[in-house]
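> sequence and computational prediction follow.
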Amino acid sequence: MKKLLFASDLDNTLLFSRRHSRPGDVCVEMLEGKEQGYFTPLTIARLREVNACMDFVPVTSRSVAQYRRIRFPAGCVPRWAVTTNGGLLLENGEIDEAWQAESLAEVAPWRGELERTEALFQAQIVPHRGRMVDDLYVFAACDDAADAHALAAALMGRTELEVAVSGRKVYCFPPPISKGHALERLRRRLGPAAVFAAGDTTMDVPMLLEADAAAAPEAALLAGFAGQKYLPREGEHFGEFVLRCALAFAGEKTQ
């Protein structure tokens, strides 16, 4: 029988920063010697259950280096992970060269625009740290959300890349670099019986709409979605809710 696929964003979906951590949460990511990312104990327990009955594939905008910082607890380690907003596939932590070559070929027509947009980033006076990520998209980390929106506004009409803001971060993606396209490619690669997806921002929407069932923190992210929708109860921890729904989805599909 074909396995089910659980495609999930990480940051603020399953993984949470120190600012949002609670007593008893488990640190799974360190940065420069400081605790950075956390799972709740219930997230870990449920993720182990999910990983046993579904192909759990993180789909994240993180770079490969940022993804590799995460130390998944025993029983939660995914075989596959998609990083760089869909541009790279890792299998057991190593880059899949065929996937990478396909991504670079798809982005090739946008190479000049990527370089031009990176130069635009550097020319802006808004405080930020901009760079190219894994040679596939342009990114800037600003001091706060207001600066991020100011930087995005300065880029509007001046780049042909897709500009997205998440918190204090600004992303500029070529059209082929999207989580929705990544999920299409995962379907071809893994051939799952059905897909459950989860995410918390507009960057996740293409992936959510490509799935058979999807979970999001608010209804607006699933507007127009014809599949099975899951929305959390008020006050419910989003990561724990996502995994509860993934298990329910798996149960329905295997009855």
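That came in fine, so what should we check first?

> check the gap between the residue nearest to R22 when sequence neighbours are not counted and R46 for me.
Once flanking residues are discounted, R22 sits nearest to T40: 7.0 Å by CB to CB, 6 or more residues apart in numbering. (C-beta placed from N, C-alpha, C; glycine too.) According to CB to CB, to the nearest Å, T40 and R46 sit 9 Å apart.

> ok, those two, which is more surrounded?
With neighbours defined as other CB atoms under 10 Å, T40 and R46 compare such that R46 has more, 23 against 19.

> SS state for the residue nearest to the more buried one when sequence neighbours are not counted?
In this structure, R46 finds its nearest non-sequential neighbour in L243, 3.6 Å apart by CB to CB, 6+ apart. Under DSSP: H, G, I helix; E, B strand; the rest coil, the three-state class of L243 is helix.

> likewise for A140?
strand.

> G167 against A146, yeah?
No - using CB atoms under 8 Å, G167 makes no contact with A146, being 11.0 Å away.

> more neighbours: which of those two?
The neighbour comparison of G167 against A146 (other CB under 10 Å) goes to G167, with 14 against 11.

> look at the residue lying closest to the more buried one once chain neighbours are set aside and report its pLDDT.
Spatial nearest neighbour of G167, chain neighbours left out: A145 (5.8 Å); criterion: CB to CB, 6+ apart. For A145, the pLDDT comes out at 93.

> now A145. Its backbone dihedrals?
phi -60, psi -40 (degrees, to the nearest 10).

> and it, how many neighbours?
Neighbours of A145 (other CB under 10 Å): 13.

> hang on, isn't it packed against R168?
Yes - at 5.2 Å, A145 counts as touching R168 under the criterion of CB under 8 Å.

> for the stretch 51-200 of the chain, what spans make up the helices?
Using DSSP state H, counting those that start in this stretch, the helices of the stretch 51-200 of the chain run over residues 64-68, 97-107, 111-123, 145-155, 179-190.

> F56 is nearest to which of those helices?
helix 179-190 (11.5 Å; CB to CB).

> okay, and the beta partners of A81?
L90 (DSSP bridges).

> how close does it sit to E91?
From A81 to E91 the distance is 8 Å (CB to CB).

> between the two, who's got more neighbours?
For the pair A81 and E91, the greater number of neighbours falls to A81 (24 against 13), based on other CB under 10 Å.

> got a list of what that one touches?
V57, P58, V59, T60, Y67, L89, L90 (CB atoms under 8 Å, 6 or more residues apart in numbering).

> low-confidence ranges, the stretch 1-150 of the chain, go.
1 (pLDDT under 70).

> go through stretch 226-239 and flag the buried ones.
G227, Q228, Y230, P232, H237, F238, G239 (16 or more other CB atoms under 10 Å).

> related to what we said a few turns ago, pick the most deeply packed of the helices of the stretch 51-200 of the chain.
helix 179-190 (a mean of 19; mean count of other CB atoms under 10 Å).

> mind giving me the packing neighbours of it?
strand 4-8, strand 54-58, strand 80-83, helix 97-107, strand 195-198, helix 205-210 (3 or more CB pairs under 8 Å, 6 or more residues apart in numbering; DSSP states H and E).

> export these as JSON lines, with columns for distance to I177.
Below are the helices and strands packed on helix 179-190 laid out as JSON lines (distance: least, CB to CB, whole Å):
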{"stretch": "strand 4-8", "distance to I177": "16"}
{"stretch": "strand 54-58", "distance to I177": "16"}
{"stretch": "strand 80-83", "distance to I177": "11"}
{"stretch": "helix 97-107", "distance to I177": "7"}
{"stretch": "strand 195-198", "distance to I177": "17"}
{"stretch": "helix 205-210", "distance to I177": "11"}
